[in-house]
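*Asks:* Return a 3D structure for these sequence lines:
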Amino acid sequence: MNKTDNLREGFTTGACAAAAAKAATILLCDEPLPETVDIPLRNGGRAAFAVNGAGVRADTAFASVVKDSGDDPDITNGATVTAAVSWMTDGDIIFAAGEGVGTVTKKGLSIPPGEPAINPGPRTMIRAAVREVTGRPVHVELSIPGGDLLAARTFNPRLGIVGGLSVLGTTGIVRPYSHPALRESLKCTLDVALGGGLRRMVFTAGNIGTNVAMKSLGIMKDAVIEVSNEWGFMLDCLERHDIDALLVVGHPGKLAKLPAGEWDTHSSRSASAIPYVRQTAREVMGADLENANTVEEIIENYTGAARTKLASALAEKVAAAVAERTKGRFAVSVALVNMKGEVTGAYGDLGGWTKKNL
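*Replies:* Residues are numbered from 1 along each chain as shown. Next up is the predicted model:
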């Protein structure tokens, strides 16, 4: 693991689950189990994990990894993530929730109701790790002893995830959070981009927005800055610079907080975007979605032109808030995306963000 700004990086629950699943699969194949297993990460790198325990019972092999989240204040730090793996006669890889891993019961999340709360990113990592051992169909059950108690301290009860924790993680890496260090890093990133001659910047909230900006909109990497939750800070930083335009890309669960006046969008320091998105749905669609569980559920309640209408109305509100914050010094465009990485609505000119224009 790396150290940045004196803080140590760790691994997500999803990465630990992938390592445990790979170790269990090695045992299932009657291969000797090493003391450590390494897995591919979604950023193209690899990481090694010590196997905490392993064995075989009847037709099932199991292995566990103890999570080390580095210097990030994560309630799952030190939790034991266990994978129990068995053969299937057909299919690919089936996931199941064991002790301490939750089950989704409500719509609006990236996993449909009835499925174990193992997010798409971890599923991809687990699948990749298992496939390094075997191409045969397998059943993977994840468990986190004590996860039901830990989950009571998370958003899971409110999200309708019952029975335990969610297995999370986009890249597999937990980056430690240091407010001053993060702001300094973001400021330096902006200075470097502008120092390279760029005058059309792109701010994203995280991986989903960045992927859409680069892969779907074709924007060069150097122009894209992940501002995390530091929207107010980064927009204020632009006052020192002469730029022509700003494109904001992200999920409305974060970005709809901006017109609501929440410029630090971290969940512990800002209110939920749900009330604002629900209010916009009432204004634009005449809809009363009081029972909607998440922002994603409100948007995905619609399809086609209706979804575009609502999401674009939200995008316009986000753009107006950003333009007001930055005193109208440059053009602001906004693209809102869903958890699948699809652009659901937009405001402003997205066509001008090509490599040659930047």
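
*Asks:* quick check, distance from stretch 51-71 to the centre of its chain.
*Replies:* Stretch 51-71 sits 25 Å away from the centroid of its parent chain (CA atoms, centre = their mean, to the nearest Å).

*Asks:* Flag the shaky bits of the stretch 1-150 of the chain, pLDDT-wise.
*Replies:* Counting by pLDDT under 70, the stretch 1-150 of the chain shows low-confidence ranges at 1-6, 73.

*Asks:* now the helices for it?
*Replies:* Using DSSP state H, counting those that start in this stretch, the helices found in the stretch 1-150 of the chain span residues 13-28, 120-131, 147-151.

*Asks:* Also the stretch 251-358 of the chain?
*Replies:* 252-255, 274-285, 295-300, 304-325.

*Asks:* And the strands in the stretch 201-350 of the chain?
*Replies:* 224-226, 245-250, 331-337, 343-347 (DSSP state E, counting those that start in this stretch).

*Asks:* hmm, who's touching the third one?
*Replies:* Defining contact as CB atoms under 8 Å, 6 or more residues apart in numbering, one finds that strand 331-337 is touched by 208-209, 212-213, 217, 244-252, 255, 299, 311-312, 314-316, 318-319, 322-323, 326, 343-350, 353. (Glycine included, C-beta is placed from N, CA and C.)

*Asks:* now the angle between strand 343-347 and it, please.
*Replies:* 160 degrees (axes from the mean of the first three to the mean of the last three CA atoms, to 10 degrees).

*Asks:* Each with direction, which strands does strand 331-337 pair with?
*Replies:* Strand 331-337 has the following sheet partners, assigned by DSSP bridges: strand 245-250 (parallel), strand 343-347 (antiparallel).

*Asks:* Off-centre distance for the shortest one?
*Replies:* Right, the one you point to is strand 343-347. With CA atoms, centre = their mean, you get 19 Å for strand 343-347.

*Asks:* Give me the angle between it and helix 304-325.
*Replies:* Using the same axes, to 10 degrees: strand 343-347 against helix 304-325 is 50 degrees.

*Asks:* What of the first one?
*Replies:* Inter-element angle recorded for strand 245-250 and helix 304-325: 130 degrees (by the same axes, to 10 degrees).

*Asks:* Now restrict the contacts of strand 331-337 to buried residues only.
*Replies:* 208-209, 212-213, 217, 245-252, 255, 299, 311-312, 314-316, 318-319, 322-323, 326, 343-348, 350, 353 (16 or more other CB atoms under 10 Å).
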